[in-house]
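**Student:** got a sequence here, can you model it:
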Amino acid sequence: MLDKFQKRERQDSLNRLGYFNYRDYLKSDLWKNIRHRVKLKYDYKCCMKHCDKRAYAVHHVSYDYATMSGKNLMHLKPLCKDCHELGHPEDRAEHPDIGKRQICNYDPFWSKK
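**Tutor:** Take a look at the predicted model:
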């Protein structure tokens, strides 16, 4: 779940990039390009420890402008569908086409890479 600071940081970054909301950003060519670059960097594999599945999503660990604009990929993690669902404990993940959906519990055993 995003705290107040993260929500503000995300909205500030979205405003600077010219997007009204996060869903519009997720539908953008900018995000599609960033997502592709992150998956390529990790050879399309999930970055969670003990997981060797194919990356399905790219998870924002930070919403700072450099990350959201694609200038810094360090805070973006490629995840398989199962691990991405684990990364959203009480909140729901936003998806470009279907909005929010319920997600299960989170186990923070991040990044093998």
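**Student:** contacting residues around residue 73?
**Tutor:** Shown in contact with residue 73 (Cβ atoms under 8 Å, 6 or more residues apart in numbering): 34, 37-38, 41, 67. To be clear about C-beta, it is placed using only N, CA and C from the backbone, and glycine gets the same treatment.
**Student:** that one should be in a helix, yeah?
**Tutor:** No: counting by DSSP: H, G, I helix; E, B strand; the rest coil, one finds residue 73 to be coil, located in no helix.
**Student:** ramachandran angles for the closest residue to residue 44 other than its chain neighbours?
**Tutor:** In space, and not counting its chain neighbours, residue 44 is closest to residue 55: 5.2 Å by Cβ to Cβ, 6 or more residues apart in numbering. Torsion angles at residue 55 (phi, psi; degrees, to the nearest 10) stand at phi -70, psi 130.
**Student:** wait, what's in contact with residue 55?
**Tutor:** Residues near residue 55 by Cβ under 8 Å, 6+ apart: 39, 42, 44-47, 78-80.
**Student:** if we use 7 Å, what do you get?
**Tutor:** By Cβ atoms under 7 Å, 6 or more residues apart in numbering, residue 55 lies in contact with 39, 42, 44-46, 78-80.
**Student:** equivalent analysis for residue 35, please.
**Tutor:** By Cβ under 7 Å, 6+ apart, the neighbours of residue 35 are residue 58.
**Student:** what's the helix or strand for it?
**Tutor:** helix 29-41 (DSSP states H and E).
**Student:** and that helix, what's its mean pLDDT?
**Tutor:** Regarding helix 29-41, the rounded mean pLDDT is 97.
**Student:** any of the contacts of residue 55 buried? List them.
**Tutor:** Buried subset of those (neighbour count, 16 or more other Cβ atoms under 10 Å): 39, 42, 45-46, 78-80.
**Student:** what is the mean pLDDT for the helix or strand following the helix holding residue 35?
**Tutor:** The element immediately downstream of helix 29-41 (helix or strand, assigned by DSSP H and E) is strand 57-60. Here strand 57-60 scores 92 as its mean pLDDT.
**Student:** mind listing what's buried in strand 57-60?
**Tutor:** 57-60.
**Student:** name the helices or strands packed onto it?
**Tutor:** helix 29-41, strand 76-79, helix 81-86 (3 or more Cβ pairs under 7 Å, 6 or more residues apart in numbering; DSSP states H and E).
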